[in-house]
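A.B. asks: coords please:
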Amino acid sequence: MTPGRGRNGPHASAARTPVLVTGEGETAVLFVAGRRVRPAMVRALYGAFPVFRTQFDAGCRGLDVRLPLPLVAAVFAPEHGADTGLLDRADFGRAALFAYQVALYRTWQDWGMRIGAVAGAGSGTVAAAHVAGGLGLEKATRHVLTGRHDRRVPRAPVPGRGDEEGLSALRAAGFRRVLACGPGPREDAETAVAVGEVPALLADMAHLQLSGPRIDWEALWWARHRADVHAVLRRVLEAA
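C.D. replies: The predicted structure is shown next:
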């Protein structure tokens with residue numbers, strides 16, 4: 001993890017959001033705050049992408065030791081079930097957002113996205129520091145669940161001043177393309193996505209791009225998917 005520097009020197013000192021350099025890529029990621037994780041979207045990503053599933057499970061294991069119930073009880077609760085309201089609580093809401101953000105970021109990395117820097121707004125600063133290597137999982141989960149919280153988590157995305165400052169800081173550091181890592185701004189689109197609907201999931205990710213040249217999400221995912229298929233074929237041929 002390296003403190004952010006613009007392409008021609010340090011980013012603007014007026015920016016309050018620290019930018020953490022993670023590589024040589026042209027894309028930056030802003031870990032947003034104030035957004036409620038929607039179980040339907042988690043289930044869809046969890047079922048479609050193995051890396052998301054692995055990383056989300058790892059995050060849950062780290063968070064569960066500090067929660068009164070396993071996080072999956074809230075995220076995978078049956079619709080209209082007794083546990084569906086848990087995500088409105090600060091502890092479960094922030095825990096779910098952290099696990100979701102880290103899993104989504106790692107999924108993008110697995111697809112070959114070259115990410116040059118990260119920044120966080122509000123509670124998203126913990127996830128940003130974690131993926132950049134500045135906080136281990138144990139410390140990160142402790143920060144998520146013992147920091148200062150609002151009592152409840154908003155049901156709809158609430159873009160805050162922190163998001164705007166984070167975007168400005170990343171752009172000041174020289175990054176034209178910035179993605180928001182977190183639940184998307186279109187709740188109706190996310191709740192309509194079902195498990196296995198990869199094209200719909202990829203289309204929804206387009207709404208997470210905040211600025212810069214548009215990403216071809218289908219091409220990015222297909223390149224990774226083809227590599228997996230070729231690897232399986234090679235193993236089959238070698239075993240024949």
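
A.B. asks: Only C-alpha atoms, please: export the helix or strand containing residue 62 in PDB.
C.D. replies: Assessed by DSSP states H and E, residue 62 sits inside helix 50-64. C-alpha atoms of helix 50-64 as PDB (Å, rounded to 0.1, in the frame of the first residue of the first chain):
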ATOM      1  CA  PRO A  50     -16.800 -18.500  -7.700                       C
ATOM      2  CA  VAL A  51     -14.300 -15.800  -6.600                       C
ATOM      3  CA  PHE A  52     -17.100 -13.600  -5.200                       C
ATOM      4  CA  ARG A  53     -18.400 -16.600  -3.300                       C
ATOM      5  CA  THR A  54     -15.000 -17.500  -1.800                       C
ATOM      6  CA  GLN A  55     -14.200 -14.000  -0.800                       C
ATOM      7  CA  PHE A  56     -17.700 -13.300   0.600                       C
ATOM      8  CA  ASP A  57     -17.500 -16.500   2.700                       C
ATOM      9  CA  ALA A  58     -14.000 -15.400   4.000                       C
ATOM     10  CA  GLY A  59     -15.400 -12.000   5.000                       C
ATOM     11  CA  CYS A  60     -18.300 -13.600   6.800                       C
ATOM     12  CA  ARG A  61     -16.000 -15.900   8.800                       C
ATOM     13  CA  GLY A  62     -14.000 -12.900   9.900                       C
ATOM     14  CA  LEU A  63     -17.100 -10.800  10.800                       C
ATOM     15  CA  ASP A  64     -19.200 -13.600  12.500                       C
END
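
A.B. asks: tell me the SS of residue 178?
C.D. replies: Assigned by DSSP: H, G, I helix; E, B strand; the rest coil, the conformation of residue 178 is strand.

A.B. asks: doesn't residue 28 make contact with it?
C.D. replies: Yes - counting by C-beta atoms under 8 Å, residue 28 is a contact partner of residue 178 at 5.0 Å. Placement of C-beta: from N, CA and C, glycine included.

A.B. asks: Enumerate every residue touching the most centrally placed residue in the chain.
C.D. replies: In the chain, the centroid-proximal residue (C-alpha atoms, centre = their mean) is residue 101; its distance is 2.3 Å. Residue 101 sits next to 31, 124, 127, 181, 182 when contact means C-beta atoms under 8 Å, 6 or more residues apart in numbering.

A.B. asks: Please give the number of neighbouring residues around the first one.
C.D. replies: The one in question is residue 31. If you count neighbours by other C-beta atoms under 10 Å, residue 31 ends up with 30.

A.B. asks: Which pLDDT value goes with it?
C.D. replies: Model confidence at residue 31, given as pLDDT, is 96.

A.B. asks: what about it, distance to residue 56?
C.D. replies: Look at residue 31 and residue 56: by C-beta to C-beta, to the nearest Å, they are 15 Å apart.

A.B. asks: Can you give the contact residues for stretch 131-151?
C.D. replies: So stretch 131-151 is in contact with 1, 20-22, 58-59, 62-63, 65-67, 90-91, 94-95, 98, 102, 105-106, 118, 123, 126-127, 129-130, going by C-beta under 8 Å, 6+ apart.

A.B. asks: ok, then the element right after the helix or strand bottoming out on mean pLDDT in the chain?
C.D. replies: The helix or strand of the chain with the poorest confidence is strand 9-10; it has a mean of 38 (mean pLDDT, DSSP states H and E). Per DSSP H and E, strand 9-10 leads on to strand 20-21 as the next helix or strand towards the C-terminus.

A.B. asks: What helices and strands are in contact with the helix or strand just after that following strand?
C.D. replies: Going down the chain from strand 20-21, the next helix or strand is strand 27-31, by DSSP H and E. Here strand 27-31 touches helix 90-110, strand 115-120, helix 124-131, helix 161-172, strand 177-181, going by 3 or more C-beta pairs under 8 Å, 6 or more residues apart in numbering; DSSP states H and E.
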